[in-house]
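In: kindly generate the corresponding structure for this input.
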Amino acid sequence: MRAFIFPGQGSQAVGMGAALADASAIAREVFGEVDEALGQNLRRLMAEGPADELTLTENAQPAIMANAIATLRVLTREGGVRLSEKADYVAGHSLGEYSALCGAEALDLGTTARLLKTRGRAMQAAVPVGEGAMAALLGADVEKAQAISGAAVDAILAETGETLVCTVANDNDPSQVVISGHRVAVERAVALAKEMGAKRAVLLPVSAPFHCPLMEDAARVMEGALAEADLRAPLVPVFANVDAAAVADPGAIRRLLVEQVTGRVRWRESVLAMVEAGVTEFVEFGGKVLSPMVKRIAPDVETVSVVSMDDIEAVLKKI
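Out: Numbers count the residues shown, from 1 in each chain. Purely as a prediction, here's the structure:
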């Protein structure tokens, strides 16, 4: 069995999609449709930068999705591959869940682009710049990360009487967990991390504290946007970030996407659940970020990253 998977924020880079667009009319069509839906020249920003503008979450989110869907559509439309015949499940990391739903035809491309633009703006607006932060804890599993986060919150409460947020945002793999919350609490967790057993702790260059309770305002915005979106049953079930379980009902998908804004990305658990369901091969579209995580979670499975025309041709021979 096979799962098609889609990366999240952090996989953006200036130049993304440019070679694919040069080589394929299908890819150019995807980028053009996204540009039209958003009313901006996102394709030029992806190809030429500047990097700081591309990294803004309201641009990075639709850009990463567009790149992934362009790669998938070149495979399916030029290669004659039917997703429903070649994939048993789809899944994505954070914003990648929207890419997965678009790839599985639960959402059309224009709607997906607009939802991600709205999601990016709402997440950025939810917390004033500088008040939130995220950090990667390396060499720490989720239990250790929870202990470090809790110790940071407890220390600040004891010192100031103030209860701040610092919680696990992304359970990526057995050796990498991301925490999110108030900057003061996250910085305290980084300071405590090594003495509490993590190999290293690194503050991430992000503009807001994603996937934590501070995103409540953004969740309300997405609840409204998703209520108005035309969302159909996907061609194959999607493994949702929030509960690491397969879902195909449109109402349940809407609810889980809203919960995802403030909830933990349970990527490690999702991969294990897919393996338990029988998946032995993971094909990542538009990035080379998730495949190494998958191998660290489930060393015996096969992973393939599809970014270039050469990658697409190699996958076509294989599947």
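
In: contacts, neighbours, all on C-alpha from now
Out: OK.

In: for Val265, what are its contacts?
Out: Contact partners of Val265, counting by Cα atoms under 8 Å, 6 or more residues apart in numbering, are His93, Ser94, Ala169, Asn170, Asp171, Asn172, His211, Asn241, Val242.

In: hang on, the last one packs against Gln260?
Out: By that I understand Val242. Yes. Under the criterion of Cα atoms under 8 Å, Val242 makes contact with Gln260 at 5.6 Å.

In: buried ones among the contacts of Val265?
Out: Neighbour-count burial (16 or more other Cα atoms under 10 Å) applied to these gives His93, Ser94, Ala169, Asn170, Asp171, Asn172, His211, Asn241, Val242.

In: nearest to Ile69, of those?
Out: Of all these, His93 has the smallest distance to Ile69: 14.4 Å, by Cα to Cα.

In: just give the nearest non-adjacent residue to the closest one, would you?
Out: Of all residues not flanking His93 in the chain, Gly8 sits nearest, at 5.0 Å (Cα to Cα, 6 or more residues apart in numbering).

In: strands of the stretch 151-300 of the chain, residue ranges please.
Out: Ranges of strands in the stretch 151-300 of the chain, per DSSP state E, counting those that start in this stretch, are 166-173, 176-182, 200-203, 238-239, 246-247, 281-285.

In: how about the stretch 1-150 of the chain?
Out: Taking DSSP E, counting those that start in this stretch, the strands of the stretch 1-150 of the chain run over residues 2-6, 89-92, 132-138.

In: let's have these in a markdown table, adding distance to Thr303 and mean neighbour count.
Out: Formatted as a markdown table, the strands of the stretch 1-150 of the chain follow (distance: least, Cα to Cα, whole Å; neighbours: other Cα atoms under 10 Å):
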| stretch | distance to Thr303 | mean neighbour count |
| --- | --- | --- |
| strand 2-6 | 10 | 27 |
| strand 89-92 | 14 | 28 |
| strand 132-138 | 22 | 25 |
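
In: redo those strands as TSV? Include mean pLDDT.
Out: As requested, the strands of the stretch 1-150 of the chain are exported to TSV (pLDDT from 0 to 100):
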stretch	mean pLDDT
strand 2-6	98
strand 89-92	98
strand 132-138	97
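
In: in this protein, which helix or strand is least confident?
Out: Every helix and strand in the chain was compared by mean pLDDT, DSSP states H and E; the lowest is helix 51-55, with a mean of 90.

In: residue at max distance from the center of the chain?
Out: Glu159 (35.6 Å; Cα atoms, centre = their mean).

In: so what's Phe210 closest to, chain neighbours aside?
Out: Sequence neighbours aside, Ser180 is the residue nearest to Phe210 in space, at 6.5 Å (criterion: Cα to Cα, 6+ apart).

In: ok, what's across the strand from that neighbour?
Out: Counting by DSSP bridges, Ser180 forms beta bridges with Met134, Thr167.

In: residues in contact with Pro174?
Out: Gly139, Ala140, Asp141, Val142, Arg268, Arg296, Ile297.

In: most neighbours among these, please name it.
Out: Within those, neighbour counts (other Cα atoms under 10 Å) peak at Ala140, which reaches 25 neighbours.

In: tell me how many other residues crowd Val289.
Out: Val289 has 18 nearby residues by other Cα under 10 Å.

In: show the model's pLDDT score for it.
Out: Looking at Val289, its pLDDT is 95.

In: what residues are up against it?
Out: Val289 makes contact with Pro7, Ser11, according to Cα under 8 Å, 6+ apart.

In: hmm, back to that, wait, which of the strands of the stretch 1-150 of the chain is closest to Val74?
Out: Proximity to Val74 (Cα to Cα) singles out strand 2-6 among those, at 14.4 Å.

In: quick one: contacts of that closest one?
Out: With Cα under 8 Å, 6+ apart, strand 2-6 has contacts from 68, 86-93, 96-97, 99-100, 274, 279-287, 290.

In: and this protein, what are its domain boundaries?
Out: Domain assignment of the chain by the TED database yields the ranges 2-126+213-317, 132-204.

In: now tabulate the contacts of Pro174 in JSON lines and tack on distance to Gly17.
Out: JSON lines is the format used below for the contacts of Pro174 (distance: Cα to Cα, whole Å):
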{"residue": "Gly139", "distance to Gly17": "32"}
{"residue": "Ala140", "distance to Gly17": "34"}
{"residue": "Asp141", "distance to Gly17": "34"}
{"residue": "Val142", "distance to Gly17": "34"}
{"residue": "Arg268", "distance to Gly17": "28"}
{"residue": "Arg296", "distance to Gly17": "27"}
{"residue": "Ile297", "distance to Gly17": "28"}
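
In: ok, those vs Leu116, which is closest?
Out: Arg268 (23.3 Å).

In: distance of the closest one relative to Val34?
Out: 30 Å (Cα to Cα, to the nearest Å).

In: can you check Val129 too?
Out: Following Cα to Cα, the distance that separates Val129 from Val34 is 28 Å.
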